[in-house]
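Engineer: Show me the folded form of this:
(one chain, ligands or ions: 1)
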Amino acid sequence: MRKLIVGNWKMNGSLAVNAELLAGIRQGLHKVQCDLGVCVPFPYLAQCQILLEGTSVVLGAQDVSSHAVGAYTGQVSTRMLLDFGCRFAIVGHSERREFCGETDEVVADKVQRALAGGLTPIVCVGETLENKEDGRTQEIVGRQIDAVLRVLEDAEIAGLVVAYEPVWAIGTGKTPTPEMAQEVHAMIRTQLVGRIGDAGKGVRILYGGSMKPSNAAGFLDMTDIDGGLIGGAALKAADFLAIASVASARN
Ligand code: PGA
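Structural biologist: Reported below is the predicted structural model:
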């Protein structure tokens with residue numbers, strides 16, 4: 001399966017910083033053979049759409065509303081994201097689950113709305129440190145995936161991207177071993193295949209959490225790790241391109 005590397009800029013950037021970062025990424029694109037995307041803050045979608053025009057880099061947002069249109073102050077709809085050339089939206093990132101109170105049900109609603117409107121949701125799942133220490137990783141991740149699969153038609157499930165991001169590995173420099181991550185990816189794969197059969201083998205499952213150029217190969221060598229969702233290392237063009245190059249060598 002073709003690997004997918006997606007940058008999650010989180011709440012970082014400015015007009016000047018984004019322009020420099022994207023110029024740097026553009027310069028290295030001729031060497032990239034994997035799929036590449038960046039999920040940028042809402043206000044910069046218009047800027048980034050223009051700066052990425054004519055490149056193969058796919059634009060995405062970091063969240064999307066579960067509603068189609070109307071009196072939802074502060075929310076951004078799938079339709080609006082499509083207006084700015086977005087193809088992806090991250091949904092259910094742990095920082096939204098933690099700081100914005102997003103439950104499994106809210107995440108499932110958002111995924112359903114995004115798919116219905118023609119966006120590819122990158123559905124984030126992952127256990128906290130406490131969950132991990134209690135030996136509940138598979139149970140928690142399994143439940144998070146199940147909440148999404150339950151509300152979708154089989155054909156919609158085939159259009160998902162999943163990101164396994166252990167919460168304790170995000171922005172901390174700590175990571176599971178590639179083998180530990182693979183175990184969780186394999187479980188997610190089993191859930192997907194259990195529900196939609198062979199089509200589940202084509203759903204990309206990304207790893208996220210302190211992925212960087214020096215550890216990317218270990219993760220991307222695993223059978224069920226089809227790419228990465230990159231936070232900190234996506235803010236430096238050289239690091240982001242270096243991860244893309246590791247992924248390109250494993251397509
Ligand atoms: P990180 O973030 O690479 O900085 O750990 C990943 C993410 O939160 O998507």
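Engineer: so Q62 touches I90, yeah?
Structural biologist: Yes. Between Q62 and I90 there is a contact under CB atoms under 8 Å: 4.9 Å. Every residue, glycine included, has its C-beta placed from N, CA and C.
Engineer: what residues do those two have in common as contacts?
Structural biologist: Taking CB atoms under 8 Å, 6 or more residues apart in numbering as the contact rule, Q62 and I90 both touch N8, C39.
Engineer: The stretch 151-251 of the chain: strands as residue ranges?
Structural biologist: 161-164, 204-208, 227-230 (DSSP state E, counting those that start in this stretch).
Engineer: can the second one be found next to the ligand?
Structural biologist: Which is strand 204-208. Yes. Strand 204-208 is in contact with the ligand by CB under 6 Å from any ligand atom, via G208.
Engineer: so what secondary structure elements neighbour that strand?
Structural biologist: Counting by 3 or more CB pairs under 8 Å, 6 or more residues apart in numbering; DSSP states H and E, the packing neighbours recorded for strand 204-208 are strand 4-8, strand 161-164, helix 178-196, strand 227-230.
Engineer: Which of the strands of the stretch 151-251 of the chain has the highest mean neighbour count?
Structural biologist: strand 227-230 (a mean of 29; mean count of other CB atoms under 10 Å).
Engineer: contacts for it?
Structural biologist: Residues from elsewhere that reach strand 227-230, judged by CB under 8 Å, 6+ apart: 3-8, 34-35, 90, 122, 124, 163, 165, 204, 206-208, 211, 216, 219-220, 240, 243, 247.
Engineer: residue boundaries of the helices in this protein?
Structural biologist: Taking DSSP state H to define them, one finds helices in the chain at 15-28, 45-52, 78-83, 94-99, 104-117, 129-133, 137-149, 154-157, 178-196, 213-220, 237-248.
Engineer: Now render the strands of the stretch 151-251 of the chain as TSV, adding mean pLDDT.
Structural biologist: What follows is these, written out as TSV (pLDDT from 0 to 100):
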stretch	mean pLDDT
strand 161-164	98
strand 204-208	98
strand 227-230	98
